[in-house]
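Chemist: fold the stuff below for me.
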Amino acid sequence: MAENNIQLKKRPPVVVVLGHVDHGKTSLLDYIRKSRVAEREAGGITQSVGAYEIVHNNGEKITFIDTPGHEAFKAMRQRGAQFADIAVLVVAADDGPKPQTEESVRILEESNTPYVVAITKSDSPRADVDKVKNELMSINVFLEGYGGDISWQAVSSKTGEGVSELLDLILLLAEVSDFKYDESAPARGYVLECRKDSRKGNLISLVLKNGKIKQGDEIKTVSVSGKIKILEDFTGKTVKELVPSAPAVVIGFENLPNVGEEFVSGSGEIEVIQRPKVEKQSKPKEGEVIIPVILKADTSGSLEVLKDVLADITKVIDASAGDITDGDVKSAAASNAYIVSYRTKFNSKMVENFAKAQSVSVFSSEIIYELIETIEKYIESISAPKLDGKMEVLATFGKKDDKQIIGGKVLEGDIKLGKKIEIRRRGILVGDGKIVNLQMNKMDAKEVPAGNECGLLVDSLATIKIGDELSQATIK
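Modeler: Numbering: from 1, shown residues only. Below is the predicted model of the structure:
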């Protein structure tokens, strides 16, 4: 054991940043790494997992994994916590703990990841750091000085106040945890992200946790293998080798591995983790609309999240990373499916025209939650009752037993004899009934179109009043 210890070297910590949407995670990392990621991201919200290496104090390195905060990215946040040694839980000083704050704490507790708390937006006029520290206790986050031992620091991503002290806390926690690596061991780490590039081929983002990774190395995961043709650091610079905990981009995998898989180089052995079986989607309930879709996303990680968040409202026919191809359009046309495109495009104008010719509908957006909302609204529009007619009650002429004579004006569509009506008062459903006699211009009629006044004999338990709205609808 002593001989092995001679080969062990200090490894920089891999840090994940978690917290509620809009609590300043990306802005904090912007300040730390002196870049402008937030301005480049659609909607100002980080949409995929990225890894960045920074240097603090006397050459001390820290690798940050930036995980999205929107609720749609739960799977991504879980993966980020899995890869990390240490976490930074961000909580806004002007907002306090929110649902995703609580979810992040659960993920950290389940993965036994040590963490520090960054109270962001400390320069906000509405900032109340003491209130936030008290509120954190309600979700079992006990800070130093507040009954616990979790280190914390108030920071401003605008002025940089407190950021250096936060990095000091991270390095202190790393020192206590004593992260080491064996440079003679086969390279080992995790797949962060995968995507196809039309020029370079399969681009695989990795975080190295042990050994060295070198150009020319044979590399494999449990599902794919390859040889490192090109090795890049996180800035895109081509390098010959990297050591832990450096983020890397590898070109050379024959196919795309699964996000979250462990990788090894050379003769290293891979620990096969049995993933829980995903239950098949249950049949839709009566009246519920499930649309068939072909999913396309820029990366395999995004694709995984897209599948997850659309599971309840879509039936996935096919899913793949990369631009929309003629094969995708053919598959959609053959299965009467819709194409859902997240941060991708048609790979040529010819394919786009082919989709139009085949009447294949495409839902596309750069922002995942806007994409989800668009699909939900579309489903609502095709599943909502089709309005046949609507009229306003202008007069009532008494009621005998369950029958009542009324007069009114048709506002939309056609009011039809013999059909069921719904009775609403100030938008609230108060009853229903059936039209047993219908007249226009004192003559019996089978239907009365919009813009005309009419008289009705309605069979209903409810008493209809002036100002009520009567509507007839047919479920599609």
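
Chemist: CA only for contacts and neighbour counts going forward, please
Modeler: Fine.

Chemist: count of neighbours near the residue nearest to residue 152 when sequence neighbours are not counted?
Modeler: Take residue 152 and drop its neighbours on the chain: the residue closest to it by C-alpha to C-alpha, 6 or more residues apart in numbering is residue 117, 4.5 Å away. Residue 117 is surrounded by 24 other residues when neighbours are defined as other C-alpha atoms under 10 Å.

Chemist: what's opposite residue 117 in the beta bridge?
Modeler: Each beta-bridge partner of residue 117 is listed here, defined by DSSP bridges: residue 89, residue 152.

Chemist: all helices for this structure, in order.
Modeler: With DSSP state H as the criterion, the chain has helices at 2-7, 25-33, 37-40, 74-83, 99-110, 129-137, 163-177, 300-309, 326-335, 349-357, 368-383.

Chemist: most neighbours per residue, which of the ones you listed?
Modeler: Here the criterion is mean neighbour count by mean count of other C-alpha atoms under 10 Å, and of the helices of the chain the winner is helix 74-83, at a mean of 22.

Chemist: what's the average pLDDT for that one?
Modeler: The predicted model gives helix 74-83 an average pLDDT of 68.

Chemist: then stretch 149-164?
Modeler: For stretch 149-164, the mean pLDDT works out to 93.

Chemist: and the contacts of it?
Modeler: 24, 27-28, 30-32, 115-123, 129, 141-144, 165-166, 169 (C-alpha atoms under 8 Å, 6 or more residues apart in numbering).

Chemist: buried sites along it?
Modeler: 151, 152, 153, 154, 155, 156, 157, 162, 163 (16 or more other C-alpha atoms under 10 Å).

Chemist: could you do stretch 238-250 as well?
Modeler: 242, 243, 244, 245, 246, 247, 248, 249, 250.

Chemist: okay, the residues you listed in CSV with pLDDT next?
Modeler: As requested, the buried residues of stretch 238-250 are exported to CSV (pLDDT from 0 to 100):
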residue, pLDDT
242, 91
243, 91
244, 92
245, 90
246, 87
247, 87
248, 88
249, 90
250, 92
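
Chemist: can you add distance to residue 367 and give those back as TSV?
Modeler: Written out in TSV, the entries for those read as follows (distance: C-alpha to C-alpha, whole Å):
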residue	distance to residue 367
242	33
243	34
244	33
245	30
246	29
247	25
248	26
249	24
250	27
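
Chemist: which ones among the residues you listed lie within strands?
Modeler: Applying DSSP state E to these, the entries found in strands are 242, 247, 248, 249, 250.

Chemist: any idea how far residue 91 is from the closest residue to the third one other than its chain neighbours?
Modeler: The reference is to residue 248. Once its chain neighbours are removed from consideration, residue 248 has its nearest residue in residue 233; the separation is 4.8 Å (C-alpha to C-alpha, 6+ apart). Computed as C-alpha to C-alpha, to the nearest Å, the residue 233 to residue 91 distance reads 30 Å.

Chemist: burial measure for residue 237, as a count.
Modeler: Around residue 237 sit 10 other residues, with neighbours defined as other C-alpha under 10 Å.

Chemist: wait, I meant residue 34
Modeler: Taking other C-alpha under 10 Å as the criterion, the count of residues near residue 34 is 10.

Chemist: now do residue 182, the pLDDT please.
Modeler: Predicted confidence (pLDDT) for residue 182: 92.

Chemist: who are the contact partners of it?
Modeler: Contacts of residue 182 were listed using C-alpha under 8 Å, 6+ apart, and they are 7, 8, 9, 210, 211.

Chemist: would you mind listing the buried residues in stretch 122-131?
Modeler: 122, 123, 127, 128, 129.

Chemist: ends of that stretch, how far apart?
Modeler: For stretch 122-131, the separation between the terminal residues is 12 Å (C-alpha to C-alpha).

Chemist: now swap in stretch 120-127 and tell me
Modeler: Counting by C-alpha to C-alpha, you get 9 Å between the two ends of stretch 120-127.

Chemist: give me the contacts around it.
Modeler: The set of residues external to stretch 120-127 that reach it, using C-alpha under 8 Å, 6+ apart, is 23-24, 28, 90-95, 128-129, 154-157.

Chemist: same thing with stretch 347-364?
Modeler: By C-alpha under 8 Å, 6+ apart, the surrounding residues in contact with stretch 347-364 are 323-326, 329, 332-333, 336-344, 346, 371, 374-375.

Chemist: only C-alpha atoms, please: export it in CSV.
Modeler: Taking Å, rounded to 0.1, in the frame of the first residue of the first chain, the C-alpha atoms of stretch 347-364 are listed here in CSV:
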residue,chain,number,x,y,z
ASN,A,347,-29.4,19.5,-42.3
SER,A,348,-30.3,21.0,-45.7
LYS,A,349,-32.8,23.2,-47.5
MET,A,350,-33.8,20.1,-49.5
VAL,A,351,-34.8,18.3,-46.3
GLU,A,352,-36.8,21.3,-45.1
ASN,A,353,-38.7,21.4,-48.4
PHE,A,354,-39.2,17.6,-48.2
ALA,A,355,-40.8,18.0,-44.7
LYS,A,356,-43.2,20.7,-46.1
ALA,A,357,-44.1,18.5,-49.0
GLN,A,358,-44.8,15.6,-46.7
SER,A,359,-46.9,17.9,-44.4
VAL,A,360,-44.7,16.9,-41.4
SER,A,361,-45.1,19.4,-38.5
VAL,A,362,-42.0,20.5,-36.7
PHE,A,363,-41.9,22.0,-33.2
SER,A,364,-38.6,23.8,-32.7
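
Chemist: contacting residues for residue 141?
Modeler: Here residue 141 is in contact with 105, 148, 150 (C-alpha under 8 Å, 6+ apart).

Chemist: follow-up on the earlier one: nearest to residue 469 among the contacts of residue 182?
Modeler: Of all the contacts of residue 182, the one sitting nearest residue 469 is residue 210; the distance, using C-alpha to C-alpha, is 70.8 Å.

Chemist: tell me the domain ranges of this structure?
Modeler: Domain assignment for the chain, taken from automatic domain parsing, gives 2-180, 183-265, 291-383, 386-474.

Chemist: ranking those by mean pLDDT, which is last?
Modeler: domain 2-180 (a mean of 84).

Chemist: what is the neighbour count of the closest residue to residue 113 other than its chain neighbours?
Modeler: In space, not counting the residues next to it along the chain, residue 113 is nearest to residue 86; the distance is 5.9 Å by C-alpha to C-alpha, 6+ apart. If you count neighbours by other C-alpha under 10 Å, residue 86 ends up with 24.
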